[in-house]
Each structure stands twice: as C-alpha cells, then as structure tokens.
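1. fold the following for me, if possible:
(one chain, ligands or ions: 1)
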Amino acid sequence: MSAIKEPTFRESTEIMFNRAVRLMDLSPGLVEKIRVCNATYKVNFGVRLRGDFHTFTGYRSVHSEHMEPVKGGIRYALSVDQDEVEALASLMTYKCALVETPFGGAKGGLCIDPRDWEENELEQITRRFAYELIKRDLINPAQNVPAPDMGTGEREMAWIADQYLRMNTTDINNRACVTGKPLNAGGIAGRVEATGRGVQYALQEFFRHPKDMEMAGLTGTLKGKNIIVQGLGNVGYHAAKFLSEEDEAKVIAVLEFDGAITNPDGINIEDLKSHILATGSIKSFDGGIYHAESSPSMELDCDILIPAAMESVINLENADRIKAKMIIEAANGPVTAGADEILRNKGVVIIPDLYANAGGVTVSYFEWVKNLSHIRFGRMQRRQEETRHRLLIEELESIEGNHLSDRFKQKYLHGAGELDLVRSGLDDTMRAAYQAISEKWHSSEEITDMRTAAFLVSIERVAKSYRTKGL
Ligand code: GLU
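-> This is a model prediction of the structure:
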C-alpha cells in the first residue's frame, strides 16, 4: 500500500477540475460558483417490509442549475454517500456541457444492495424514495430528471414515472420526469445500449485522429486491438459486444467481482454474458481461462483498457502496474487523481469519463425531447423518405442498361426508424464533442492530457452560460 493518502472520489474530481481552471482566466468567484455543489438533499425514510420497519437513506444532489432541468442517474449501491453523489453530480454538469445536452448536473443514490430485496420490495422502496423526491420537485420534467445508473435500470425508471403520474395526474408532460424508461412506458429505442454505444463511437473517433493515436503509440484501426474490460454490467457488456462484433477488436480479458476470464484469442462476449445470466457467475465459462482473483488481469499487456464499473479501481496502489496504452473511462471516476498523474507521466492516453460515458445522457436527452413532443422520432418522415428513394431508383433503372444491385437498393430504400435516428444522433454528438476536446488538447503545450482538455471545453461553456444568466 502506498504511504500517500488517496483522496476521496469528490476530492479527486475537484483536483482534476482545479488542474483545468488554473489554465483559464476566470474570476475566483466564478470558479467557486461552478465548483461547488448547489444543494444535496438527504432523506431517511421508512418502509414496512417483512413485518418490520426498515429505514433507508437516499440522496439527490444538484451540482449546477446553470441550465434546467438538471439531469443525472439514481444509483442503488452500498457505496452511496454524500461524497459520492456530489462527485457524480459534478461530473454530470461537465458531461452535459461537453455533449451539449441542455441540462445542469445532478445525481441521486440510495444506500442499498438491490440483491438483498425481492422485486415487489424494491418497488415499494423505489416508490417511497420517489415520493420523497417528487414532493420536493427533485423529480420533475422541468426541473430535475433522473435516469438509470449502477444498480438501477428500466424497471426502476418505470416505477418512478408511474409514481410521478400518480402524484401529478394532469401533467401532460409527466413521462418526461425520468429517462431510461422501457419502450412501452415512454422510453426510446437505443437507450439501454447508449452508454456502451457511446464508448464505441468515442473510440472510433479516436482512431480517426492520427495525432491522438500517436500520443498513445497506436496505429491502424480498432481491428485486432487487444482490449481489457473491467465490469460486464450494462455499459461494459455493450461496449465489449459492439467493439468485438462490429469493429473486430479482441477482448482478451473480462474482469468481474467474482473473478476474471482471459483468452489471448478473444472472448466471445455474447457467450460469456449468456453464461453469467444462466449461472449467476463468471466461473466455469469454457471460452477462456478463469482466474479467481480478478485484479491482476487488469495489469495485462493490452492496447485499450475499459474500466466500466466502479470508481477508483485504478488507484495509487495499482496504477504503476497498468500496461495499457490507453484507457477509456466507461465508468464514472474509475481513475483516482493520484493514479491519473502516474499514468499521465507514463504516457498513457486517458479518454476521460465526462466524455467517454456521455452516450447515456445524450440518448436520455433524445428521450426527454421525445416525451415532450409526444411523438416517436421518424414517425412522420420514414415512409415519405422511402417513397422518394423508390422514385429515384425506378427512374435510374428505367435508363437502358442501368442496373442497381439488390444490396444497394435494400440499403437505400430503408427509411430511418427511431433506432437509426438515435444512433445517428449519438454518433454525431460523440464525434463533435471529441473534435472539440482534441482541438483544445493540441491548442497549447500546457494542455498535456485529454481530461484537462475536456474539462476546459466544458467549464468554458458552463462559465459562458453563468455569465449570460445573471445570478
Ligand atoms: N447515469 C448515467 C450517467 O452517469 C446517465 C444519466 C442520464 O441519462 O441522465 O451518465
């Protein structure tokens, strides 16, 4: 163990924020206004379960209201405390600014291990927590819009949406009070995969920037690159699946809480996920070698390391031993400030969380807009687009000797449905944000890393909106 004390998650985030603001010309007062968390609401509520009262502690933290509603997930985990939700809420502010979703930053959490409770009990706990937040406008389509995070998903969001509707029966925009809902309850196609998809689009864009690749000592494309994925939850699973199946990268190690699987020839992610779902564990999977202790597998030689679970998994203790050429932070805060410095000095390129995992909130934005407009994306245009394309094809084929291949015709005739539009909007968002970061990174010798560049782009935008807002 290192003798140097590891800062807390919130302190780590502030250290990273401070590294960026010292390169900016902002008044100390404005810096402080942006840095601090505006408010954190803590609630202890009781639910009668299993014949007794059980008290739960939940939080909703609002970091910045320079834009409203404020946005950010609600997590269910035993690690939840004020420090954690405040760090996560601040990251939401910077994340939203970076990908230009018109939201301030917030985060919520319930200190609970969801595996300890049955589904109907979780529903009662969730509805009671939601009630506490809704009655204080801490869940509201115009003010504060939660989403899934660690330990929560579509199911919890559906309960929250329904609880809001029960308490606001005449609010026509009720569905926009929370995102990440199931499709049949006002959700949007592509939200579940969105964060993992965003990680894929971020890496694809990185590999379109030769200068950035050079900084990491990488050449070529994603094809054949060795990848390690830490955490095969929703984000890690989708990122690993898309990168291996569509970009032909090789996932050589997957780490989970109960061990790791390694395979130098590449792990079949779909098979591994099915195995975990069927058996509840990564153990006894026959598509690779099982290791009971997972952490050493994170230190294997690889091109890209994707931490996709908890914060602080790369820290002062193990940073020196990480051999990846680049890290993409699919989780929030997986690298501590101390580890960040060690890795930077080693020349490891880190694509930071505030950009790398912003795919989730980007598609949440699309869902919120869909809920407010009360119509599915593509519903009006799709068939009309197909008709116009068909006209063109018929006209071209009527010219003597002109024949278009069936493959071309099929692709060209396909009018964009909601999923196509969501993916296209997400890809465009991830590309534009990457370009802004990369440009900033190379604009001055003083900006030595992508995290600082991302913070700079983001803080500049937040500062601009505070200036025009009037406090
Ligand atoms: N919980 C996700 C995050 O940390 C999504 C937030 C949202 O969609 O509002 O970015």
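2. check whether the helix or strand harbouring residue 162 contacts the ligand.
-> Per DSSP states H and E, residue 162 falls inside helix 154-167. No. Helix 154-167 lies apart from the ligand when judged by C-beta under 6 Å from any ligand atom; the minimum separation is 9.8 Å. Where C-beta positions appear, they are placed from N, C-alpha and C, glycine not excepted.
3. who touches that helix?
-> The contact list for helix 154-167 (C-beta atoms under 8 Å, 6 or more residues apart in numbering) reads 74, 76, 119, 122-123, 126-127, 130-131, 134-135, 139, 146-148, 171, 174-175, 177-182, 185-187, 192.
4. so which of those also contact the ligand?
-> Residues of those in contact with the ligand (C-beta under 6 Å from any ligand atom): 147, 179.
5. are any of the contacts of helix 154-167 buried, and which?
-> When neighbours are counted using 16 or more other C-beta atoms under 10 Å, the contacts of helix 154-167 contain these buried positions: 74, 76, 122-123, 126-127, 130-131, 134, 139, 146-148, 174-175, 177-181, 185-187, 192.
6. any residues of the stretch 1-150 of the chain in contact with the ligand? List them.
-> With C-beta under 6 Å from any ligand atom as the criterion, the stretch 1-150 of the chain meets the ligand at residues 71, 72, 73, 147, 149.
7. residue 62 versus the first one, what's the distance?
-> Summarising the geometry, the distance separating residue 71 from residue 62, computed by C-beta to C-beta, to the nearest Å, is 10 Å.
8. list the residues that contact both of these two?
-> 104, 105, 106, 144.
9. which ones among those are found in strands?
-> When those are checked against strands (DSSP state E), the matches are 104, 105, 106, 144.
10. which two in the residues you listed are spaced the farthest apart?
-> With C-beta to C-beta as the measure, no two of those lie farther apart than 105 and 144, at 10.8 Å.
11. spit out the residues that contact those two alike.
-> Here residue 105 and residue 144 share the contacting residues 62, 70, 71, scored by C-beta under 8 Å, 6+ apart.
12. wait, what's in contact with the closest residue to the ligand within the chain?
-> Closest approach between the chain and the ligand, counting by C-beta to the nearest ligand atom: residue 73, at 2.6 Å. Taking C-beta under 8 Å, 6+ apart, we find residue 73 in contact with 88, 107, 108, 146, 147, 148, 149, 150, 152, 180, 360.
13. what about it, distance to residue 95?
-> Taking C-beta to C-beta, one finds residue 73 at 11 Å from residue 95.
14. how about the strands in the stretch 51-200 of the chain?
-> Along the stretch 51-200 of the chain, counting by DSSP state E, counting those that start in this stretch, strands occupy 52-64, 70-71, 74-77, 104-111, 144-145.
15. may I see those organised as JSON lines, with mean pLDDT added?
-> As requested, those are exported to JSON lines (pLDDT from 0 to 100):
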{"stretch": "strand 52-64", "mean pLDDT": "98"}
{"stretch": "strand 70-71", "mean pLDDT": "98"}
{"stretch": "strand 74-77", "mean pLDDT": "98"}
{"stretch": "strand 104-111", "mean pLDDT": "98"}
{"stretch": "strand 144-145", "mean pLDDT": "98"}
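16. can you redo those strands as TSV with distance to residue 387?
-> Formatted as TSV, the strands of the stretch 51-200 of the chain follow (distance: least, C-beta to C-beta, whole Å):
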stretch	distance to residue 387
strand 52-64	46
strand 70-71	38
strand 74-77	44
strand 104-111	42
strand 144-145	37
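17. how about these, which one is nearest residue 408?
-> Between residue 408 and those, the shortest separation by C-beta to C-beta is 40.8 Å, and it involves strand 70-71.
18. next one: residue 196 from residue 124, what distance?
-> Noted for residue 196: a distance of 31 Å to residue 124, by C-beta to C-beta.
19. if you count what's nearby, which of the two comes out ahead?
-> Of the pair residue 196 and residue 124, residue 196 is the one with more neighbours under other C-beta atoms under 10 Å, namely 26 against 16.
20. do you know the pLDDT at the more buried one?
-> For residue 196, the pLDDT comes out at 98.
21. do the same with residue 398
-> Note for residue 398: predicted pLDDT of 92.
22. which residue is the nearest non-sequential neighbour of residue 175?
-> Spatial nearest neighbour of residue 175, excluding adjacent residues (C-beta to C-beta, 6 or more residues apart in numbering): residue 186 at 3.7 Å.
23. tell me the pLDDT at the one you found?
-> The model reports residue 186 with a pLDDT of 97.
24. reformat the ones in strands among the shared contacts of residue 71 and residue 62 as CSV; add neighbour count.
-> Listed next are these as CSV, based on neighbours: other C-beta atoms under 10 Å:
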residue, neighbour count
104, 25
105, 28
106, 34
144, 26
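25. which one of the residues you listed sits closest to residue 300?
-> In terms of C-beta to C-beta, no member of those lies closer to residue 300 than residue 105, at 34.8 Å.
26. shouldn't the closest one be in contact with residue 90?
-> Yes. Counting by C-beta atoms under 8 Å, residue 105 does reach residue 90; the two are 6.2 Å apart.
27. overlap in contacts of these two?
-> Shared contacts of residue 105 and residue 90, defined by C-beta under 8 Å, 6+ apart, comprise 63, 64.
28. tell me the buried residues in stretch 214-228?
-> If you call a residue buried by 16+ other C-beta under 10 Å, then stretch 214-228 has these buried ones: 215, 216, 218, 222, 225, 226, 227, 228.
29. SS state for residue 43?
-> Recorded secondary structure, residue 43: strand (DSSP: H, G, I helix; E, B strand; the rest coil).
30. ok, it to residue 456 distance?
-> In this structure, residue 43 and residue 456 are 36 Å apart, going by C-beta to C-beta.
31. model confidence for the residue of the chain closest to the ligand, exactly?
-> pLDDT, residue 73: 98.
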